[in-house]
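Q: Need a 3D model of the following:
(5 chains)
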Amino acid sequence: MKKRERKRPLRPGMPPGSLVPLDKELTDTVSIQVIRYNDEHWEEETIGSIADLPPLDPAMKVTWINVTGLSDIGLIRQIGVRFKVHPLILEDILHTRQRPKFEEFDAYLFMVMKLITSRGVDSEMEAEQVSVIFGERYLITFLESADAVFEPVRDRIRKDGRIRTHPSDYLAYALIDLIVDNYFVVLENLGEKIEFLEDDLLTRPDPATLSAIHQLKKDMIFMRRSVWPLREVISSLERSDSPLIHQETILYIRDVYDHTVQMIDAIESFRDIIAGMIDIYLSSVSFRLNQIMKFLTLIATIFIPLTFLVGVYGMNFQYMPELSLPWGYPVLWGVMIVIASGMLVYFSRRGWL
Amino acid sequence: MKKRERKRPLRPGMPPGSLVPLDKELTDTVSIQVIRYNDEHWEEETIGSIADLPPLDPAMKVTWINVTGLSDIGLIRQIGVRFKVHPLILEDILHTRQRPKFEEFDAYLFMVMKLITSRGVDSEMEAEQVSVIFGERYLITFLESADAVFEPVRDRIRKDGRIRTHPSDYLAYALIDLIVDNYFVVLENLGEKIEFLEDDLLTRPDPATLSAIHQLKKDMIFMRRSVWPLREVISSLERSDSPLIHQETILYIRDVYDHTVQMIDAIESFRDIIAGMIDIYLSSVSFRLNQIMKFLTLIATIFIPLTFLVGVYGMNFQYMPELSLPWGYPVLWGVMIVIASGMLVYFSRRGWL
Amino acid sequence: MKKRERKRPLRPGMPPGSLVPLDKELTDTVSIQVIRYNDEHWEEETIGSIADLPPLDPAMKVTWINVTGLSDIGLIRQIGVRFKVHPLILEDILHTRQRPKFEEFDAYLFMVMKLITSRGVDSEMEAEQVSVIFGERYLITFLESADAVFEPVRDRIRKDGRIRTHPSDYLAYALIDLIVDNYFVVLENLGEKIEFLEDDLLTRPDPATLSAIHQLKKDMIFMRRSVWPLREVISSLERSDSPLIHQETILYIRDVYDHTVQMIDAIESFRDIIAGMIDIYLSSVSFRLNQIMKFLTLIATIFIPLTFLVGVYGMNFQYMPELSLPWGYPVLWGVMIVIASGMLVYFSRRGWL
Amino acid sequence: MKKRERKRPLRPGMPPGSLVPLDKELTDTVSIQVIRYNDEHWEEETIGSIADLPPLDPAMKVTWINVTGLSDIGLIRQIGVRFKVHPLILEDILHTRQRPKFEEFDAYLFMVMKLITSRGVDSEMEAEQVSVIFGERYLITFLESADAVFEPVRDRIRKDGRIRTHPSDYLAYALIDLIVDNYFVVLENLGEKIEFLEDDLLTRPDPATLSAIHQLKKDMIFMRRSVWPLREVISSLERSDSPLIHQETILYIRDVYDHTVQMIDAIESFRDIIAGMIDIYLSSVSFRLNQIMKFLTLIATIFIPLTFLVGVYGMNFQYMPELSLPWGYPVLWGVMIVIASGMLVYFSRRGWL
Amino acid sequence: MKKRERKRPLRPGMPPGSLVPLDKELTDTVSIQVIRYNDEHWEEETIGSIADLPPLDPAMKVTWINVTGLSDIGLIRQIGVRFKVHPLILEDILHTRQRPKFEEFDAYLFMVMKLITSRGVDSEMEAEQVSVIFGERYLITFLESADAVFEPVRDRIRKDGRIRTHPSDYLAYALIDLIVDNYFVVLENLGEKIEFLEDDLLTRPDPATLSAIHQLKKDMIFMRRSVWPLREVISSLERSDSPLIHQETILYIRDVYDHTVQMIDAIESFRDIIAGMIDIYLSSVSFRLNQIMKFLTLIATIFIPLTFLVGVYGMNFQYMPELSLPWGYPVLWGVMIVIASGMLVYFSRRGWL
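A: Numbering: from 1, shown residues only, chains lettered A, B, ... in the order given. Purely as a prediction, here's the structure:
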């Protein structure tokens, strides 16, 4: 699994809160999905610009505005103005390599998280920055690209009425839960990859195996960097005394917090296992070399003395009495067979065969 | 020792508290054992469904309901309704890869723990999730499979009256103590396996040894992941100010807490020792290669010059005066014996033999 | 990337606050740039000595005095007298290997930071000590050498009026932000270097690669030593209850604090990755040796028995019946081809080819 | 140094406070030494059973009852009854693999510690569990075997009056101090062993050296497991607000606490040094292999071309003009000497000799 | 750099505060230097015994008594009596392997520190225990040997009046500062040694290099063991609320505290770098072996087939048609040159040359 992440351009000395379109590659089309709901019903629309967004409908419990694509700076700025969001927050939304964090304001709460998805053991690991702003009666999410990542939650709003009975903090929880569940899927895939590589290690270790282990290790480091601060985010949310967080939701937040702790445990265990795999790889490679060396030793050390002997009787001295003996040649063969057998016995006694 | 654990199915976006039968493999038959007791006597029955369970008998100090098998979602839900258990707790009971945790409610306390058993040094390590809910006068346990793991405690209730004189928190303590004692058995087995492998390391290191060490390391990682949060669970229980925890029981809980600390010490020590074993394995393998290489050096470097010499006198130059000397051949033998002996002396002086 | 840093001379027993010119090499020319600004306008001048510095202009919001070059002890001492700076602080400014730190006084705040710049992946990493003293209406900075590092901030004062609407603490923030942004540039370069070396590792590992990894590791250690205390400095600034820190600025300081945390995450990840690279290097080198050894084994073990055989028929025994057989020579060739092919088959079955 | 420790039998589900004789091997004879003392005089006796123990003599400041051997469960139970000791404490005394711990009760304080002794660098390291219960006017110690470990303290009571002027907490301190001093002796021996092995490492590394290092490492792990909790014990004792701990004694306890901290420092340093020794061992072994390989290279690569040359002139072609040249043979010798010398020069220039 | 340190004799069971001359080697002559000073003037004398010491002169701000040599137990005991020092403190002064520590009493403060000096990169690192007791108007220091280590401070008292204007706590600070400055010198030397060894590593790695790295590592461990507790000592001093510590001095103490933190940073960095050096050493050694092996492969694999060929034509078969061909010999030479060239080309294409 490789990961795909966009880079933050670096220009030291930029004023804070600058909203110039930082990433040149961010030319995706921007779309805005709006869902409004209350206990009884829900309505859904896709609008082209923020100007088309009507004022918050007081009959609706929650209005969820999902902005996909970050290339339209004007749009982000308009949302900032409309919902009175601090410029530094808008900057955080645009910087797509933000560390997961939580900020508390009087009128709204702000969270940045990393959504990591993976379609299978061998497919790319994809990182997507999710920014969430939620206040009384509204929740705004910002996604980098047009993936249907929030579809399961939208489906639950449409089909299962439960989300619709809760205020906006519960919707925020549902999104966090979705993100954490996606981490579990990724971890599961990584776990399968580890088991797959462990089999490889002893049977056919080659540099590609090591390279794969190194990639796994880097994936794990990337996961850690996302999950540890996510845990802090959820913990801050749980301990927040903002009136936007209702008592009933806290139990759910604590539940998803437990999941992140469990995930951290799993990541740490995987790290330990991966560290051990490198040792096994190195040892497995050296064991195979060992086997080959032993074979060479066997062949070479058996034939070297024999070759010496046949060399002796290839010499042209005039007076070499053995050469004229009629049984000299067969006796030499006998001697050589005895030497070779003796060495084989010696080797097998030393456990070298 | 390998470990056996069931996997948690992963479907991101599932609503919290969903009680659909998550694990397909969970088709074990479900059985319910009920024991009621007070200071004087105890009664025991096995019932088929929760409907057969009469109301809590006020004459009895504690009613212990043990549910074995988690495949009957309806049953779990009925228990939830009967004892007013939060849906998130029911979900935790069903998810059999839960991290050990402790939750405090007004009417009851909830704990998840891992019971790890091992029948011997070479047998599989088996993990079983144990969920415990206890309130005033009742305690409910949930087990994954029909193992007789709680039999020792049941026996003590039957034979030794002491448990029967205490309220439900003491029974909870007795179960925790049983779980912790089982960890010690597993650790003891792992300790024996370590000693066994340490002998192997120097005498016959092969990749199977390394593989066994790696497996040991993974077992240890698995143990840690169960024991560290178990320690937190017991610590939370000790520090809980719930009226369900009585003063007399706290001393016992602290005792079992001390045991987990001792276990963590042992696990950490084992980890250090195992890390050292990998070093020894690598070094032992390379030492043996060293020995073989040294033998090759000996044979090869002794015969190579001699083979050269006999080659010299195998040449067909017309004018090679040595060839016609009558004592040429024996003198050459003498020279070769001197060379070989000289090299043997040199090698033994360098400590290479 | 190498780093360039000046050494602190070591003479145990020097009285504290000694302002003798400690570094012999500090013979750079000293220059003083002064910028004064308020909401409406700004003025800028470069003065030769502190005597030329007029009293703080009450019409101006902030007077920023930037001293470049630390060789003129008299100048530093005059500034100390003029702004009532404690001698120990002056000593800290002169000792250019100071650990980043923050000191709070009634009339002013003092910070030392490390500015690390790098012009590209292969260019030298340069460390520059930045000391900042700021009080009501003034801010003094001290730089080691005449680099134009503060130019972006000066530009913002000239062109973008925002800085000019804030008191001196905001200017201090702007400088810290500039320093932190420079760290990101350096980290980005180090990250590219890591990716570059990772490619090298598997294709052409040589000691220069390892040396480069070691240098990277040392660079990372150097970064850590600068960034960890910088985080503490910013954190102290944020938590300071000095009246010099205004409420509006704290939000900005917290933002730059988040950046340092993100940077620390990145540094720690890089450290882990670099540690893994060394493993890969070692394994890659040994894999290549392995390949070469296997080739040697192949050639040697195939020819050694054949050479023995031709030696046999080079012997000069009078009675060697094979020698006089007319088809002896071609049969021997056949036998040798069979032996060589058999060994090749054996090797390829063992997976040694 | 090996360590000797008794194992705790493991039977999950045993009721807490069970005093059945757990260790089968614990069949040592049990003996009870009693010393009573006050400022003026002291009396000493050895009694056979607890029934022979008279009530605490009010004229005596402290009565010290030392029980050696833990096989007599009845005796332990009687002491428990006589001094009103909690059953869990009695169980802790019997379990001889207890982690060092401290428990505070109203009427008495309880400590378990490990006494580790070693008679020399090569002798076995012996672990002995020491349990101490002390209250107003009495102190009871429990030892596993009849070693004269407390003799130095008993001697000080007999000869040096100082201990006799203090209440029981000072006696407890004196015993802790004795235990800590014994650790220093063991550490000193381990330190000497480390220095001894360091010499071995470079001169004659063999697997026995590595095995010894591994044993050292395990000894150090064992030491840590005893000393870290001992530090906690002493720290708890120091911070205890029990009236049994007098103000004057606390200064002494703090002194012995400092010693344990110093010991922990030493242990951690030793761990680091031992870790380094394994690296040196591995490298030293591979360096020696290197030397041998280099010698082989020298011999083999010098003679292989020469052997080829003499083979050339051993061929039986009818038309080989060189063979009939009268100076062919000496010229060939000259050529071979030039080749051999050239290679030696080349090798020595590359630094391979 | 090696270190020189005296050993503490170990006799378990010694009563606390025993002042018997513990170290047999402590037979150095003892000398007492006394300096008295106030703002205006100072006087200096060397006295033979404590009896010669007049009462503290009330006209003098501070009387500094420096005792060099610890062999005269009587003298130490007399000082203890004269200045009412606790026996445990006197014992700490005599035990020259004390961990740096700080103790606070009503009438005086007590510190133990390690003074580490080094005369150059290759000279021995020397550890000297410095004990400081200071109260109102006096300060007593104890040194192990007659080194002139305090001379710089004495010089400042004589020449630079500043110390003389402060009470005894400032003198204590000056001594701590001197000690910390000496650490910087030692670190600087270690740093130079590291750079020197890093060069060695790639050019001429041999076991002596590794041994030197190991010694460096041990030096660093020794430094850490001195500096970490020294930091605690200084921190305790800074936070002490004893009236002996004056407000003005605290700023200076904080400054020296910052230096220790900086030193700890440096030590930790050095540790990381040293750990990396061992990796490089191992890899460098194995790279060189690699080079040699490759050369052997080249020579051996080129000549082995050729030697086989010349062997073929050395055979004595009666019917070998090639032997009688007139151009057989030159053609064989051609064939052999083609084979050797082909192999060289193959090797160079594989990158093995």
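
Q: Check the closest residue to chain C within the stretch 51-200 of chain A and give its pLDDT.
A: Nearest residue of the stretch 51-200 of chain A to chain C (CB to the nearest CB) works out as A:Arg99 at 4.1 Å. For glycine as for every other residue, the C-beta is placed from the backbone atoms N, C-alpha and C. For A:Arg99, the pLDDT comes out at 87.

Q: Verify the contact between it and C:Gln262 for me.
A: Yes: assessed by CB atoms under 8 Å, A:Arg99 is found in contact with C:Gln262 at 4.1 Å.

Q: Doesn't A:Ile116 belong to a strand?
A: Yes: the assignment for A:Ile116 is a strand, going by DSSP: H, G, I helix; E, B strand; the rest coil.

Q: Give me the pLDDT for it.
A: For A:Ile116, the model assigns a pLDDT of 90.

Q: So which bits of the stretch 51-200 of chain A are right by chain B?
A: Within the stretch 51-200 of chain A, the positions near chain B by CB under 8 Å from any CB of the partner chain are A:151-153, A:155-156, A:160, A:162-163, A:177-178, A:181-182, A:184-185, A:188, A:198.

Q: Selecting buried members of those in PyMOL, what would you type?
A: The following PyMOL line selects those of these that are buried, judged by 16 or more other CB atoms under 10 Å in any protein chain shown:
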select buried, chain A and resi 152+153+156+163+177+178+181+182+184+185+188+198
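
Q: now, which of the residues of the stretch 51-200 of chain A next to chain B sits nearest chain B?
A: Closest approach between those and chain B, by CB to the nearest CB: A:Pro152, at 2.6 Å.

Q: Was I right to think that closest one contacts A:Leu175?
A: No: between A:Pro152 and A:Leu175 there is no contact under CB under 8 Å: 10.1 Å.

Q: longest single helix anywhere in chain A?
A: In chain A, taking DSSP state H as the definition, the longest helix is helix A:247-312.

Q: Next secondary structure element downstream of that helix?
A: Sequence-wise, the next helix or strand downstream of helix A:247-312 (DSSP states H and E) is helix A:321-324.

Q: Buried residues in the helix or strand that comes right after that following helix, which are they?
A: Counting by DSSP H and E, the next helix or strand C-terminal to helix A:321-324 is helix A:328-349. Within helix A:328-349, the residues scored as buried using 16+ other CB under 10 Å are A:Gly328, A:Tyr329, A:Leu332, A:Met336, A:Met343, A:Phe347.

Q: filter those down to the ones near chain C?
A: Among these, chain C is touched by A:Gly328, A:Tyr329, A:Leu332 when using CB under 8 Å from any CB.

Q: okay, these in CSV with distance to A:Ile76 and pLDDT next?
A: Putting those into CSV (distance: CB to CB, whole Å; pLDDT from 0 to 100) gives the following:
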residue, distance to A:Ile76, pLDDT
A:Gly328, 100, 86
A:Tyr329, 97, 85
A:Leu332, 94, 88
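
Q: Let me know the closest of those to A:His41.
A: Sorting these by distance to A:His41 puts A:Leu332 at the head of the list, at 104.3 Å, by CB to CB.

Q: Pull the contacting residues for the closest one.
A: A:Leu309, A:Val310, A:Tyr313, C:Met315, C:Phe317 (CB atoms under 8 Å, 6 or more residues apart in numbering or on different chains).

Q: what about whatever residue of chain A ends up closest to chain E, how many residues close to it?
A: In chain A, the residue that lies nearest chain E is A:Gly314 (6.8 Å; CB to the nearest CB). Residue crowding around A:Gly314 was assessed by other CB atoms under 10 Å in any protein chain shown; the count is 26.

Q: still on that earlier bit, which other helices and strands contact the longest helix of chain A?
A: Contacts defined by 3 or more CB pairs under 8 Å, 6 or more residues apart in numbering or on different chains; DSSP states H and E place helix A:247-312 against helix A:168-203, helix A:207-239, helix A:328-349, helix B:87-94, helix B:207-239, helix B:247-312, helix C:247-312.
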